[in-house]
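J.: I'll drop the sequence and a predicted model, then ask my questions.
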Amino acid sequence: MSIYLGVNIDHIATLRQARGTRYPDPIQAAIEAEQAGADSITLHLREDRRHIQERDVAMLSDILQTKMNLEMAVTEEMLAMAEKYRPADCCLVPEKREELTTEGGLDVAGQLSRMQQACQRLAEANVRVSLFIDPDLAQIDAAVACGVPVVELHTGRYADAETDAEAEHELAIIAQAAKQAHERGLQVNAGHGLHYHNTQKIAAIPELVELNIGHAIVARSVFTGFQAAVREMKQLMQDARRR
Ligand SMILES: CC(=O)[C@@H](O)[C@H](O)COP(=O)(O)O
Ligand SMILES: NCC(=O)COP(=O)(O)O
């Protein structure tokens with residue numbers, strides 16, 4: 001089964017916001033990513049607007065040739081954004097203003113009623129809902145209870161592992177969670193902290209359908225160009241899946 005690449009363009013916008021300029025433009029990055037073989041474009045509209053701006057969401061909702069995966073917190077402001085721009089996919093993620101980056105998966109099980117209402121609202125807007133969760137059976141079952149078709153497994157603990165043994169342990173947890181989620185009829189995606197040296201083992205997990213990768217691709221593009229960075233990541237994923 002194929003594995004698809006969602007390119008997250010947040011950190012193109014981080015570079016733009018660093019000086020308040022018009023460049024580099026995430027719109028150009030999205031177009032180049034699609035030309036290089038990206039299967040979708042992911043962008044995270046944060047409450048603090050540290051990188052992606054509403055203008056980016058508005059423009060990309062008009063021009064993307066593949067599809068938009070809009071990441072957002074579960075807030076009234078963001079749910080209204082999803083209803084306004086109607087992305088193909090909306091990935092609900094946890095968010096804290098003080099965090100450097102996403103620190104874990106959404107606690108769906110601990111706020112089930114609130115999550116069910118949010119998912120229902122997005123489904124009624126014809127937005128496909130994905131829940132960004134830790135690779136944990138209780139969270140997988142809670143996602144099923146929300147009636148969503150997709151989950152994205154948080155790979156941050158695997159990516160941040162300090163030893164090979166710890167990485168292998170986290171990889172086994174992700175592989176087991178992917179199997180459990182697949183068995184429950186969910187589309188299983190994964191992402192966070194994946195780069196050119198740790199993605200292969202994740203891509204080899206047969207139940208995974210899509211990997212969302214951003215920071216490492218943007219970083220690599222500084223030296224190779226954005227299209228080359230995207231092409232290399234996609235080829236790496238496909239080679240790993242074929243092995
Ligand atoms: C949910 C996730 O892991 C990322 O897609 C998210 O976008 C990380 O936030 P930053 O892009 O702001 O680092
Ligand atoms: N959901 C993960 C994502 O979109 C990209 O995360 P990262 O590769 O920037 O860590």
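T.: Sure thing, it's come through. Numbers count the residues shown, from 1 in each chain. Ligands and ions are numbered 1, 2, ... in the order given.
J.: ok, residue 70 - contacts?
T.: Going by C-beta atoms under 8 Å, 6 or more residues apart in numbering, residue 70 touches 42, 43, 44, 45, 57, 81, 82, 85, 87, 89, 90, 91. The C-beta positions use only the backbone N, C-alpha and C, and glycine is treated the same way.
J.: identify the farthest-apart pair in those residues.
T.: Farthest pair in the contacts of residue 70 (C-beta to C-beta) is 42 and 81. Separation: 15.0 Å.
J.: so which of the two has more stuff around it?
T.: Taking neighbours as other C-beta atoms under 10 Å, residue 42 and residue 81 compare with residue 42 leading, 29 against 18.
J.: which of the three states applies to the residue sitting nearest the centre point of the chain?
T.: A centroid search over the chain (C-alpha atoms, centre = their mean) returns residue 212, at 4.2 Å, as the residue closest to the centre. Assigned state for residue 212: strand (three-state reduction, DSSP: H, G, I helix; E, B strand; the rest coil).
J.: neighbours of the residue lying closest to it once chain neighbours are set aside, how many?
T.: Excluding its sequence neighbours, the residue lying closest to residue 212 (C-beta to C-beta, 6 or more residues apart in numbering) is residue 191, at 3.5 Å. Neighbour count of residue 191, defined by other C-beta under 10 Å: 27.
J.: kindly report the same for the one 4 residues further on.
T.: Applying the criterion other C-beta under 10 Å, we find 14 residues in the vicinity of residue 195.
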